[in-house]
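A.B. asks: Take this sequence and fold it.
(chains A and B)
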Amino acid sequence: MSALAAVPPHEPVSGRQSHPWDVASVRADFPILSREVGGQPLVYLDSAATAQKPRAVIDAISAYYERGNANVHRGVHALSQEATTAYERVRELAARFLNAASPSEIIFTAGTTAGLNLVAQSYGGSVLRPDDEILVSEMEHHSNIIPWHLVSERTGARVVPIPVMDSGGLDLARFEQLLGPRTRIVAVTHASNVMGAINPINAIAAMAHEAGAAVVVDGAQSAPHLRVDVQAIDCDFFACSGHKLYGPTGIGLLYGKRRLLEAMPPWQGGGGMIREVLMERSSYAPPPERFEAGTPPIAEVVGLGAALDYVMAWDWEALVGYEQGLVAEATGLLGRIPGVRIMGEGADRVSVLSFMLDGIHPHDAGTVLDTLGIAVRAGHHCAQPLMRRFGVTATLRASFGAYNTMQEIEALAAGLEQARRVLLR
Amino acid sequence: MSELDELYQSVILDHNRAPRNFRRLEGATNHAEGRNPLCGDQFDVWLRLEGDIIAEAAFLGQGCAISKASASMMTQAVKGKTIAEARALFAEFHNVITGAGGPGTLPSKLEVFRGVSAFPIRVKCASLSWHAMKQALEER
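C.D. replies: Alright, predicted model coming up:
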C-alpha cells in the first residue's frame, strides 16, 4: 500500500472540483519571490527549513501591532478583549486544520521543537519508569530524539531506535518486533525532513496502541504538504510549526488528546496557567491554558491565523497533486545528472528531496547554486543518525512549496551541472 | 575571474582531490580535533614538535573542498615554523579570508584563499583546521 494512500485526501468542499494548481497566482501572493539574489531571480528551494510568507500574513501582523495590540486573557478593556477573541479564533482554526475533536486539544507552542519537548517532559516525565522503552525512528530530526534522551536521563527509561531501510522507509517488521510490554512511547515523524519519506503513520499508530504505547508524531514536514487528520491518524500527540506552514516563526501547534492533556502536569509555570496560587502551592488551569504559561506570542498567533486562513482556502487535492508533480520532475531531472544519488529513492515522499553528488561536497555545490540565486540546504539537516545510517556526513536538500515551479526545478538541474563543471574540472 | 572561479581555484580543487599530509601522524606530540557542528565537518590535526619548531603536521577527516584544501595547505605551511610563527601565520590567514588583510602579506601559496572573503559563510570552512592547529599547540 502506498504511504500516500494511508493519508486521507483533503475532504473536498461540497460542489468544488479539483482544478489544476494556479502557481502564478500563488506566487503573486508572496512578495519575497520577486526579489533577486546576486543579480539573479530568487529560486527558493528551502521551504522545508522555513516557508516564505504571503502578503496576508505580513499584513495581519502589521495590522495587529498597528490597531490591535494588547495582552490576552488579562484586561477588561476593549483591546484586550479583541486580542483574546483573535487569539482564540486561531485555536479554533487550528483545530479545524488538524481536525482535532476540540479547540481545547490545541496548545500554542514556540514551534515543533517546543511541542515535542513539552510532550517529553510533561507526558514522558510522568509516565516513564526505569527500563521503560521509547521507540524513536532513525530518521527523526534531532528535536524528536534529544527531548527523549533528556527525559530518559531523568526517569531511567531507554531510547530504542526503529531502523530505516535502504528504500528510505521505516522497517515496520522490525518495529513490530521492537514493540513490547516495556514500550511506553513511540515517537515518529510523519514525513522525514531529510528525504521527505512519508511514514504510514496510521498503521504505526495502530500497532503502537495495540502494544499499549502512546504515539507522538512530528508533523513539521507533513502539515505543509499533506492533509492532516489527527483523529484519523489516531495519534496521541502531533506537533507542527507555523513558519513551515507559510506563517510566522516563533509559533507552533501541539495537538494532544484531551484525556491525556488533562492528566499531564504543567511544563512551565507562570501567568495565565493557574487556577489558584498560594505561597505554599498552586493549582492549575485545565488544558490548553495549563500549558501556555506567560504572555503568549500573540502577534505570531494572529499571523498563523492568517496563514491558516490562506492555506485552508486552497484546494489541497490540487496542491498535493502539484507538489507530487514537482518532486517527480526533480527526481527525473536529477537522475539524469551523472553522479547524483537520491537518499531513500524508493520512498513515497512529500516534496522534499535529499541527494549526494559523487566527488562533490554538498556545501561546495550549495555555494555554486547560491551564486545562481538558488537557495537549497546543505548539511546534516539536524538528522545525524540518519546521515550515519546512509554513510554520509551531509546531503544537499531541495524542498518545494506551493509557489515553486517546474522552471525552478530546471534551474536546479542546470545549477548542479554548473557545480560539476566548476568543481570537477 | 568570477567570484566562484576565484573561490574554487584549481590549486584548491587539487588539494581537495589529493590532500597532502592526509594521514595519522606517528610520533605526534600534539593533537586537536576541529569540528563544525552546524555542517558536520570534522578534522583531526596532529603536530610533531621538536622544541619550539613544528617538525611535521598531518590531518585526517571530512569536509568540503574549502576546508579540506585549507587543512592540506595548512599542514604544509606550518611545517618548519616556530610556534609563534605558526600562530602569527594563522592570524594573517584569518585576516585575509575575512577580507581584513592587506595585499601581499601572506605566503603566496595561501593567496588562493583570498577568494573566501567574498563568501563570508565559508570563512569557518577555511579556518576549521587552522583553529584545530592552534588548539593543538595549546596542549603542552
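A.B. asks: Could you list the low-pLDDT ranges of the chain?
C.D. replies: Because you didn't say which chain, this covers chain A. Under the criterion pLDDT under 70, the flagged ranges of chain A are A:1-18.
A.B. asks: The chain in question should be chain B.
C.D. replies: B:1, B:104, B:140.
A.B. asks: Run through the residues of it sitting next to chain A.
C.D. replies: Within chain B, the positions lying close to chain A (C-beta under 8 Å from any C-beta of the partner chain) are B:2-5, B:7-8, B:10, B:13, B:38-42, B:62-66, B:68, B:119, B:121-122, B:125. All C-beta spots, glycine's among them, are computed from the backbone N, C-alpha and C.
A.B. asks: what comes up buried for the host helix or strand of residue B:69?
C.D. replies: Taking DSSP states H and E as the definition, one finds residue B:69 inside helix B:65-78. Neighbour-count burial for helix B:65-78, counted by 16 or more other C-beta atoms under 10 Å in any protein chain shown, picks out B:65-75, B:77-78.
A.B. asks: can you check stretch A:267-279 too?
C.D. replies: A:267, A:272, A:273, A:274.
A.B. asks: And those residues, which is closest to chain B?
C.D. replies: Of all the buried residues of stretch A:267-279, residue A:267 has the smallest distance to chain B: 26.6 Å, by C-beta to the nearest C-beta.
A.B. asks: Could you pull up phi and psi at residue A:56?
C.D. replies: Phi and psi for residue A:56, reported as degrees, to the nearest 10, are phi -60, psi -40.
A.B. asks: coming back round to it: which of the residues of chain B next to chain A fall within helices?
C.D. replies: B:3, B:4, B:5, B:7, B:10, B:13, B:65, B:66, B:68, B:125 (DSSP state H).
A.B. asks: between those, which has the most around it?
C.D. replies: Scoring these on neighbours with other C-beta atoms under 10 Å in any protein chain shown, the highest-scoring entry is residue B:66 at 30 neighbours.
A.B. asks: For the nearest residue to residue B:10 once chain neighbours are set aside, identify the helix or strand it belongs to.
C.D. replies: Spatially, and ignoring its direct neighbours in sequence, residue B:10 is nearest to residue A:425 (7.2 Å; C-beta to C-beta, 6 or more residues apart in numbering or on different chains). For residue A:425, there is no host helix or strand (DSSP H and E).
A.B. asks: Was I right to think residue A:425 contacts residue B:13?
C.D. replies: Yes. Assessed by C-beta atoms under 8 Å, residue A:425 is found in contact with residue B:13 at 6.9 Å.
A.B. asks: can you pull out the strands in the stretch 1-150 of chain A?
C.D. replies: Counting by DSSP state E, counting those that start in this stretch, the stretch 1-150 of chain A has strands at residues A:36-37, A:40-41, A:43-44, A:106-109, A:133-137.
A.B. asks: so what secondary structure elements neighbour the second one?
C.D. replies: Based on contacts counted as 3 or more C-beta pairs under 8 Å, 6 or more residues apart in numbering or on different chains; DSSP states H and E, there is no element that strand A:40-41 packs against.
A.B. asks: and the angle from the one helix or strand residue B:92 maps to to helix B:65-78?
C.D. replies: Taking DSSP H and E as the definition, one finds residue B:92 inside helix B:83-97. Angle, helix B:83-97 to helix B:65-78, by axes from the mean of the first three to the mean of the last three C-alpha atoms, to 10 degrees: 150 degrees.
A.B. asks: which parts of helix B:83-97 are buried?
C.D. replies: Applying 16+ other C-beta under 10 Å to helix B:83-97 flags B:83, B:86, B:87, B:89, B:90, B:92, B:93, B:94, B:96, B:97 as buried.
A.B. asks: and the gap between residue A:192 and chain B?
C.D. replies: 17 Å (C-beta to the nearest C-beta, to the nearest Å).
A.B. asks: I'd assumed residue A:352 was in contact with that residue.
C.D. replies: Yes. Residue A:192 is within contact range of residue A:352, at 7.2 Å (criterion: C-beta under 8 Å).
A.B. asks: Now for these two: what residues contact both?
C.D. replies: Contact criterion C-beta atoms under 8 Å, 6 or more residues apart in numbering or on different chains; residues shared by residue A:192 and residue A:352: residue A:221.
A.B. asks: Correct me if wrong: residue A:291 contacts residue A:272.
C.D. replies: No. Applying C-beta under 8 Å as the test, residue A:291 and residue A:272 come out as separate, 10.2 Å apart.
A.B. asks: My guess is residue A:161 contacts residue A:139. True?
C.D. replies: No. Using C-beta under 8 Å, residue A:161 makes no contact with residue A:139, being 9.8 Å away.
A.B. asks: what do those two both touch?
C.D. replies: Counting by C-beta under 8 Å, 6+ apart, the residues touching both residue A:161 and residue A:139 are residue A:385.
A.B. asks: These two: who's more crowded?
C.D. replies: residue A:139 (30 against 16).
A.B. asks: show me the contacts for that one.
C.D. replies: Counted by C-beta under 8 Å, 6+ apart, residue A:139 has contacts A:164, A:168, A:170, A:189, A:192, A:194, A:195, A:197, A:383, A:385, A:386, A:389.
A.B. asks: what does residue A:136 give?
C.D. replies: Here residue A:136 is in contact with A:144, A:145, A:148, A:159, A:160, A:161, A:162, A:187, A:188 (C-beta under 8 Å, 6+ apart).
A.B. asks: hmm, which two among those are most spread apart?
C.D. replies: Using C-beta to C-beta, the contacts of residue A:136 reach their maximum pairwise distance at A:144 and A:160, which is 13.9 Å.
A.B. asks: And those two? Which one has more around it.
C.D. replies: The neighbour count for residue A:144 versus residue A:160, taken as other C-beta under 10 Å, is higher for residue A:144 (28 against 16).
A.B. asks: So in terms of bridging, what pairs with the spatially closest residue to the more buried one that is not a sequence neighbour?
C.D. replies: Excluding its sequence neighbours, the residue lying closest to residue A:144 (C-beta to C-beta, 6+ apart) is residue A:218, at 4.5 Å. As for beta bridges, residue A:218 partners with residue A:189, residue A:239 under DSSP bridges.
A.B. asks: So residue A:218 versus chain B, what's the distance?
C.D. replies: From residue A:218 over to chain B (counting by C-beta to the nearest C-beta), the distance is 21 Å.
A.B. asks: Report the closest residue of chain B relative to chain A.
C.D. replies: For chain B, C-beta to the nearest C-beta, closest residue to chain A: residue B:64, 3.9 Å.
A.B. asks: and that residue, backbone torsions?
C.D. replies: According to degrees, to the nearest 10, residue B:64 has phi -70, psi 170.
A.B. asks: I'd guessed it sits against residue B:41; true?
C.D. replies: Yes. Between residue B:64 and residue B:41 there is a contact under C-beta under 8 Å: 6.6 Å.
A.B. asks: Find residues that contact each of the two.
C.D. replies: Common neighbours of residue B:64 and residue B:41 (C-beta under 8 Å, 6+ apart) are A:363, B:125.
A.B. asks: In the stretch 301-425 of chain A, what residue spans correspond to helices?
C.D. replies: A:316-335, A:362-371, A:384-389, A:406-423 (DSSP state H, counting those that start in this stretch).
A.B. asks: ok, and does the second one reach over to chain B?
C.D. replies: Yes. Interface with chain B: helix A:362-371 contributes A:362, A:363, A:364, A:367, A:368, A:371 (C-beta under 8 Å from any C-beta).
A.B. asks: Neighbours of the third one, how many?
C.D. replies: In other words, residue A:364. 29.
A.B. asks: Likewise for the last one?
C.D. replies: For residue A:371, the tally of surrounding residues (other C-beta under 10 Å) stands at 21.
A.B. asks: what residues are up against it?
C.D. replies: By C-beta under 8 Å, 6+ apart, the contact list for residue A:371 reads A:38, B:2, B:3, B:4.
A.B. asks: try 6 Å this time
C.D. replies: A:38, B:4 (C-beta atoms under 6 Å, 6 or more residues apart in numbering or on different chains).
A.B. asks: before we move on, what about the first one?
C.D. replies: When the contact criterion is C-beta under 6 Å, 6+ apart, the partners of residue A:362 are A:378, A:394, A:395, A:396.
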